[in-house]
Each structure stands twice: as C-alpha cells, then as structure tokens.
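> missing the sequence, but the structure's below:
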C-alpha cells in the first residue's frame, strides 16, 4: 500500500472564485486549446481572456520566492524585444502585437498557478481537471486512429472551424484509405503535439492515487485513475510518433528505476498486458499503424542516402543557426518574433528549425534560446534533488511525479519547436515550470499536514511529519 495523505480538507478555507476560472483555463489548455470565435479575420481564443482575468485578480496574492522567477522574467524580456523588432520586418503589419499579447498570456499562467495552488487540496482539484481534460484528448487520439470510429469524428466533430482542427488532408495523409489505422489527433492538434501533452499529463493523473477520495468511494476513484493512466498511455501509442513514445519510454524507465521491486513488478505487468493485447490483435492489423514507426526508424538508423528529410532537419537545427548568427549578429540578442514572416530577413524560408534551440534563436535570439535550456536543466536538477529528500512522503512523491512529466517532454525540447512557436505549447510549458517551482513550498503553505498513513506498516506513524500551520 502506498503512503496516503489522510486529511487534506483544510479548515475554514475560502478559495477565491478565480481559482475555479483558472481550472477552466487548465481544462481548455489540455482538452480544447484552440476553441475560438473569429472577429473579422482574427481568431479570439476562449482561453486567452480567462488567463488574463486569472492573472489580474491573482496578481496581489502572495507567492514564495523562487529562482524560476528571474529566469521567466528574463525570458519574457527577450520575447517582448523580439516581437517589437518583428514589427520592422518586411510585409508585417500588426501580427507581432497579436503574437506578443498571446505569448504574454501564456507566460502569465506561470505566475497565476504559483499564487493559486498553495496546498495539496488545491493541487488535487487542479489534477482532477487534468484527469478529465486529458482523458478527452486521449480518447480522441485513440478513436481518430482506428478506422471504425474515425469517420464519425471527422464528420461530427472535426468539421467545426471554431475548434480549428488540423487540416482535413492529414486524416488520409498516408495512403488515402479510411480502412486502415493512421496517426491519431485531437483538438489539441496533430499527433505529435497531442502525444507530448498526454506525456505531460499521465504522471500527474497517477499522482492522484496518493489522495483518499472523501467525496467518492476510494476503491472506485482509484480504479478510475488506473483506467485513466492506461487510457493515456495507449493514446500516446496511437500517435505513432517517435518523440512522444521516446518520452514515454524514458519516463517509464525512470519509474521502474526509482521504485521498489513490488512496484516494478506492477509496471512490468502493466506493460506485458498492453503488449499482449496488441500482440493478440496483431501488430500488423489494419487497426494499428506500427509500420509507420518501423519504417521511419529504419530510415533514421540506416545511415544511407535514404536518410529521411525529417531526421536531417532535426540535426541541422543544431548546426545551421550558427551560420545565421554569423550573417545576422543581432540574433545574439533578439530574434524576429513569431508575429509575421519570421524568416523574411534571414535569407531563407526553409531554415532547419525543428528544435527549441533553433526556433528560439530565430524567434527570440541566442540568449533566450539558451535560457530555455537553463530553465529545463534547472527544473530537472531541482526536482531530482527533491526526490532524494524523503522526510516528507507526499512531497517526495510529488517530486517524482513532476520528474516524470519533465522527462516526458525532453524529446519535445530536442526535436520539436511548439514549446516556442505555438501558444498552447508555451502555455503547457509554463504551467509545468509553475508546478516545479512550488513543489518545495507547497507543504509549508498548506493549512493542515497531518495523519499520514502507511496502512501496510502502522509502526511508521511515529515518523509522520510535523504539522505546519499557516
């Protein structure tokens, strides 16, 4: 039995109304971030005003100091300078201003989350929202991949323009057939981005098992969480995208390494059940699209003249930017933003930019690009350090959970660019960093920390942490 946090319900706590508005923003981010209405040619995204209102009303709330603050603020400074510089690029009107506003709203979730999630009870509510929203995204990934249900979703959900689904042609990209499986997609976007979103979410859903469900039968809610994690992992598989699958593999390997033998057996058994299910149906069945992973991986490791364009671009993303830095030394300090034709002044519209490193250089400059990696590296180091401190069992489990979420998006950093170039990708990134930044202080700020129970080892009650009052 895992160590359970027995009493989380705080006494006499009133939660501000905009906390629940913040939860709506989290739901939209993970389930339907592109929900919008168009005002003329400009889409007005529902998530944006919610983030703005949440930030304004939470601005005066206290928050613990964190080293992440100056990093995020410094990065924001480079973003502002670059988008303003983008105004002076050829064929650009007001796009950089629109891009800057939406990007700043993405950054705002970092500050709002740090002020609104102040104890484990707040965290549980947010994670329940993550469970519901990620389950919707996961189900869409699965049902848009398999032939039997794809047509129904295409005709009844993805046809609505206000949801801004991916282009229609993506559904039949591979062979024009609707009788075979393809890569799943969701209202988050195409397969690879949806997969990384789920890679961020499933460890957080798993962490919910550490909370007893006082308002529901504990057995039922625990089963719901297990089924939710199973669903999310299957949905990552259904993206048939190597990056999210690599992130999943890294996270699972760490999960096995960091836990005791009995938990390792559970994880390995879980993996065997999934493998057996796919094997029983048949890996070459038309219900699945594993051939896509096999074929693309063979091209990637062949080392022949058939080396894929995608693989070549990802490698060049770490070489080509230095050539542009020589020709455009201003890229050391700022880029051209993402509001217009970002490469109009760089002499090439087909630059290799399929990595945060390259995309951030072109968009925000070299210093900003390096800051992204400093933030990621510090998040890993900071969180891993806290996983070694076992004096607070729930905090220790939270740190292990967040480390899994970080590991799940490392391939996104190395081989993708949506964290920089797409507002929803940036918003997810800043939300993760907010959770990382509060993990050390959340226990100190909570209203009641008491009655930790280790049901299988009652003698450990003497080691429960001291109660901390606000």
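Nice, thanks for sending it over. Source: prediction; values computed, not measured.
> contacts and neighbour counts: CA atoms only from here.
Noted.
> you'd agree residue 350 is in a strand?
No - checked against DSSP: H, G, I helix; E, B strand; the rest coil, residue 350 lies outside a strand; its state is coil.
> mind listing the strands for the stretch 351-470 of the chain?
Shown for the stretch 351-470 of the chain, the strands assigned by DSSP state E, counting those that start in this stretch span residues 450-453.
> Low-confidence ranges, it, go.
Of all residues in the stretch 351-470 of the chain, those with pLDDT under 70 make up the ranges 443-470.
> make it 90
Regions of the stretch 351-470 of the chain meeting the criterion pLDDT under 90 cover residues 351-354, 386-397, 416-417, 439-470.
> Other residues contacting stretch 50-70?
Identification of contacts with stretch 50-70 by CA atoms under 8 Å, 6 or more residues apart in numbering yields 18-19, 21-22, 24-25, 105-106, 108-109, 111-112, 114-116, 375, 433, 437-438, 441.
> What mean pLDDT does it get?
For stretch 50-70, mean pLDDT rounds to 92.
> quick one: terminal-to-terminal distance for that stretch?
This stretch, stretch 50-70, spans 25 Å end to end (CA to CA, to the nearest Å).
> before we move on, the earlier item: please list only the buried members of the contacts of stretch 50-70.
Buried residues within these, counting neighbours by 16 or more other CA atoms under 10 Å: 18-19, 22, 24-25, 105-106, 108-109, 111-112, 114-116, 375, 433, 437-438, 441.
> For residue 40, grab the count of nearby residues.
The local packing of residue 40 (other CA atoms under 10 Å) involves 7 other residues.
> Ok, residue 242 next?
The local packing count at residue 242 equals 19, with neighbours defined by other CA under 10 Å.
> now residue 273
By the measure other CA under 10 Å, the count of residues near residue 273 is 12.
> any idea how far it is from residue 234?
With distances defined as CA to CA, the gap from residue 273 to residue 234 amounts to 12 Å.
> Then residue 388?
For residue 388, the distance to residue 234 under the criterion CA to CA works out to 30 Å.
> And residue 187, by the same measure?
As judged by CA to CA, residue 187 and residue 234 stand 17 Å apart.
> more crowded one of those two?
For residue 187 and residue 234, the more surrounded residue by other CA under 10 Å is residue 187, and the numbers stand at 24 against 16.
> got a list of what the more buried one touches?
If you count contacts by CA under 8 Å, 6+ apart, then residue 187 has 31-34, 137, 140, 163-165 around it.
> Would you write a PyMOL line that selects the buried entries of the residues you listed?
Here is the PyMOL command that selects the buried residues among the contacts of residue 187 (16+ other CA under 10 Å):
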select buried, resi 31+32+33+34+137+140+163+164+165
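> Select from the contacts of residue 187 every entry located in helices.
With helices defined by DSSP state H, the entries of these inside them are 31, 137, 140.
> can these go into JSON lines with extra columns for pLDDT?
Listed next are those as JSON lines, based on pLDDT from 0 to 100:
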{"residue": "31", "pLDDT": "95"}
{"residue": "137", "pLDDT": "95"}
{"residue": "140", "pLDDT": "93"}
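> Looking at the residues you listed, which one is closest to residue 361?
residue 31 (29.7 Å; CA to CA).
> Verify the stated contact: the closest one with residue 129.
No - using CA atoms under 8 Å as the test, residue 31 is too far from residue 129 to be in contact (10.0 Å).
> which other helices and strands contact the host helix or strand of residue 113?
Per DSSP states H and E, residue 113 falls inside helix 95-116. Taking 3 or more CA pairs under 8 Å, 6 or more residues apart in numbering; DSSP states H and E as contact, the helices and strands that helix 95-116 lies on are helix 47-58, helix 67-86, helix 423-438.
> If we use 6 Å, what do you get?
Contacts of helix 95-116 with other secondary structure elements, assessed using 3 or more CA pairs under 6 Å, 6 or more residues apart in numbering; DSSP states H and E, are made with helix 423-438.
> got the angle for the helix it packs on vs helix 47-58?
Using axes from the mean of the first three to the mean of the last three CA atoms, to 10 degrees, the direction of helix 423-438 lies 30 degrees away from that of helix 47-58.
> tell me the angle helix 423-438 makes with helix 95-116.
30 degrees.
> How far off centre is helix 423-438?
On the basis of CA atoms, centre = their mean, to the nearest Å, helix 423-438 sits 8 Å off its chain's mean C-alpha point.
> With stretch 59-73 instead?
Here the centre of mass of C-alpha atoms in stretch 59-73, compared against the chain's by CA atoms, centre = their mean, lies 21 Å away.
> same deal with stretch 412-423?
Using CA atoms, centre = their mean, the offset of stretch 412-423 from its chain centre is 11 Å.
> Check which helix or strand residue 207 maps to.
Assigned by DSSP H and E, residue 207 falls within helix 191-207.
> Need the residues that contact that helix.
Identification of contacts with helix 191-207 by CA atoms under 6 Å, 6 or more residues apart in numbering yields 131, 184-185, 188, 229, 236, 239, 241, 244, 401, 405, 408.
> model confidence over that helix, on average?
The predicted model gives helix 191-207 an average pLDDT of 93.
> C-terminal to it, what's the next element?
Note on helix 191-207: by DSSP H and E, the next helix or strand toward the C-terminus is helix 218-237.
> And that next one, what does it pack against?
Here helix 218-237 is seen to pack against helix 120-145 when contacts are counted using 3+ CA pairs under 6 Å, 6+ apart.
> let's see 7 Å
Helices and strands touching helix 218-237, as assessed by 3 or more CA pairs under 7 Å, 6 or more residues apart in numbering; DSSP states H and E, comprise helix 120-145, helix 191-207, helix 242-258.
> any idea how far residue 68 is from residue 328?
When CA to CA is the yardstick, residue 68 and residue 328 sit 30 Å from each other.
> Which one's more surrounded, those two?
A count of neighbours by other CA under 10 Å puts residue 68 above the other of residue 68 and residue 328, at 18 against 14.
> Appreciated, that's everything.
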